[in-house]
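Participant: Next one to model:
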Amino acid sequence: MINDNKKLKVMKKYLLTLLAASLYIFAGCEKAPEGDNDDNTPTTEFSLEASTDNVELDASKEGVTAITFSWTSGSNFGTGSAIEYVWEITTEADVEYKEAYKEELGRGVTSRSFKIGELNNYLRTNLLAMDGAEETYRVRVSAVVAGSDVDQSDEVTFKATTYEPFTGELYLIGS
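Facilitator: Alright, predicted model coming up:
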């Protein structure tokens, strides 16, 4: 009986040691980075979101945020290469982004906001928006990795009606 108790204690100690070692091994396992798998295709989709789909451009509120765009970071597919972001904006009619206004945003940028006055000027200047006419705009953001031809992009649409801004200067002619 005494011999059986000793065997039981040794067995418990052995099992606890084995359990602790197993937990240690499993805790040390790393999760594969998102976007990396055997065929180098992203496992998570790149996505772009807009804070609204209908922007109200009001000259009396030029300093208020009109819209914010945010997107997920792209995948570099485990290459260690930097991810550059490209911004494109066009009208709804330009399906292929052939006449889009394009900007290189650089690295580490995952959002972009416009105040009402900024967006109004941006649309009037870069897309030649007509004042007083509602237009649907398309925005596409792409995550570009050097040496990769995998398309990581998404697009959103929003509506806005631009206005002619008040210049703030008054010129008087005559006496």
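Participant: mind listing the strands for the protein?
Facilitator: Counting by DSSP state E, the chain has strands at residues 48-50, 54-55, 65-71, 83-91, 101-107, 111-115, 134-145, 153-161.
Participant: And the longest one, what does it pack against?
Facilitator: Counting contacts by 3 or more Cβ pairs under 8 Å, 6 or more residues apart in numbering; DSSP states H and E, strand 134-145 packs against strand 48-50, strand 65-71, strand 83-91, strand 153-161. Just so you know, the C-beta spots here come from the backbone N, C-alpha and C atoms, and that holds for glycine as well.
Participant: Dump those strands into CSV; add mean pLDDT, mean neighbour count and distance to A129 as well.
Facilitator: Output for these, formatted as CSV (pLDDT from 0 to 100; neighbours: other Cβ atoms under 10 Å; distance: least, Cβ to Cβ, whole Å):
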stretch, mean pLDDT, mean neighbour count, distance to A129
strand 48-50, 97, 16, 17
strand 65-71, 98, 18, 14
strand 83-91, 96, 19, 8
strand 153-161, 97, 17, 8
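Participant: thinking again about what came up before, make TSV out of the strands of the chain and add distance to Y14.
Facilitator: Formatted as TSV, the strands of the chain follow (distance: least, Cβ to Cβ, whole Å):
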stretch	distance to Y14
strand 48-50	54
strand 54-55	68
strand 65-71	53
strand 83-91	50
strand 101-107	53
strand 111-115	55
strand 134-145	50
strand 153-161	55
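Participant: just checking, S75 touches Q152?
Facilitator: Yes. In this structure, S75 is within contact of Q152 by Cβ atoms under 8 Å, at 6.8 Å.
Participant: Grab the nearest non-local neighbour of the spatially most central residue of the chain.
Facilitator: Among the residues of the chain, the one closest to the centroid is W71, at 1.1 Å (Cα atoms, centre = their mean). Nearest non-adjacent residue to W71, counting by Cβ to Cβ, 6 or more residues apart in numbering: L48, 4.3 Å away.
Participant: before we move on, back to that, which of the helices and strands packed on strand 134-145 sits closest to M11?
Facilitator: Closest to M11 of these is strand 83-91 (Cβ to Cβ; 53.7 Å).
Participant: just checking, what packs against that closest one?
Facilitator: So strand 83-91, by 3+ Cβ pairs under 8 Å, 6+ apart, packs with strand 101-107, strand 134-145.
Participant: Swap in 10 Å and give it another go.
Facilitator: Counting contacts by 3 or more Cβ pairs under 10 Å, 6 or more residues apart in numbering; DSSP states H and E, strand 83-91 is packed against strand 65-71, strand 101-107, helix 116-126, strand 134-145, strand 153-161.
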